[in-house]
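Visitor: Quick one, structure for this:
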Amino acid sequence: MSAYATNTESLAPRGNWFTRAIDWLDANGPGAWIALMVAGFVFAGPLGLVLLAFIVVTGRFGRRFRDDAQPRHRHMRGCRHGLTRMSGNTGNAAFDSYKADTLQRLEREQNEFEAFLHRLRESRDKAEFDQYLAERARAAAAETPAEPEAPKGSGAY
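Guide: Okay, the predicted model is just below:
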């Protein structure tokens with residue numbers, strides 16, 4: 001057998017008719033699923049409901065479906081990895097040092113800003129808590145009546 005021989009099993013479609021139909025619908029995008037669901041509602045209402053439930057439960061219109069199955073987005077997959085390649089060393093020493101300094105400065109500024117937000121939240125929470133305690137003390141002082149005075153006169157009724 002030569003190295004160029006093909007395996008006929010790999011050329012045959014895999015799975016049963018149901019999985020092949022789902023793969024075909026996924027390859028044709030959400031429009032195919034919507035058309036099938038509408039046809040299901042038109043010809044048999046419960047079938048449309050079953051298809052709608054299947055679409056919702058399996059997440060056919062979710063992010064995973066849009067990124068992995070639609071043919072028009074398949075050509076963009078390589079671009080996502082291009083950004084990670086660009087973040088490395090460019091070969092230009094001046095630009096690389098500028099980029100490193102800028103990234104360090106941005107990270108430092110982000111940490112300072114997050115610390116500022118943390119202090120701001122703490123001070124706001126402390127002010128709200130102090131206001132709550134003051135209102136509670138005022139309400140407690142207003143609720144406690146003064147001790148009633150004992151009637152003057154004889155002590156017996």
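Visitor: Strictly from the record, what residue spans define the domains of this structure?
Guide: 14-83, 109-141 (automatic domain parsing).
Visitor: Would you mind saying which of these lies nearest residue 91?
Guide: domain 14-83 (16.4 Å; CB to CB). Any C-beta I mention is one placed from the backbone N, CA and C, and that applies to glycine too.
Visitor: neighbours of the residue lying closest to residue 25 once chain neighbours are set aside, just the number please.
Guide: Distance criterion CB to CB, 6 or more residues apart in numbering; nearest residue to residue 25, sequence neighbours excluded, is residue 32 at 4.6 Å. Using other CB atoms under 10 Å, residue 32 has 14 neighbouring residues.
Visitor: Could you check how far residue 32 is from residue 117?
Guide: 47 Å (CB to CB, to the nearest Å).
Visitor: What does the pLDDT read for the residue nearest to residue 25?
Guide: The model reports residue 32 with a pLDDT of 81.
Visitor: Need the phi and psi values for it.
Guide: Backbone torsions of residue 32, given as degrees, to the nearest 10, read phi -70, psi -40.
Visitor: With residue 28 instead?
Guide: phi -90, psi 0.
Visitor: Need the per-residue pLDDT for it.
Guide: The score at residue 28 is 77. That number is its pLDDT.
Visitor: Quick one: neighbours of it, just the number.
Guide: Count around residue 28 with other CB under 10 Å applied: 15.
Visitor: rewinding a little: quick check, the residue nearest to residue 25 in contact with residue 21.
Guide: No - at 10.0 Å, residue 32 does not count as touching residue 21 under the criterion of CB atoms under 8 Å.
Visitor: Need the winner for burial among the domains of the chain.
Guide: Greatest average neighbour count among these goes to domain 14-83 (a mean of 12), per mean count of other CB atoms under 10 Å.
Visitor: Who are the packing partners of the helix or strand harbouring residue 31?
Guide: In this assignment (DSSP states H and E), residue 31 forms part of helix 30-43. Other helices and strands packing on helix 30-43, by 3 or more CB pairs under 8 Å, 6 or more residues apart in numbering; DSSP states H and E, are helix 17-27, helix 45-58.
Visitor: what angle do the longest one and helix 17-27 make?
Guide: This points to helix 45-58. Here helix 45-58 runs at an angle of 70 degrees relative to helix 17-27 (axes from the mean of the first three to the mean of the last three CA atoms, to 10 degrees).
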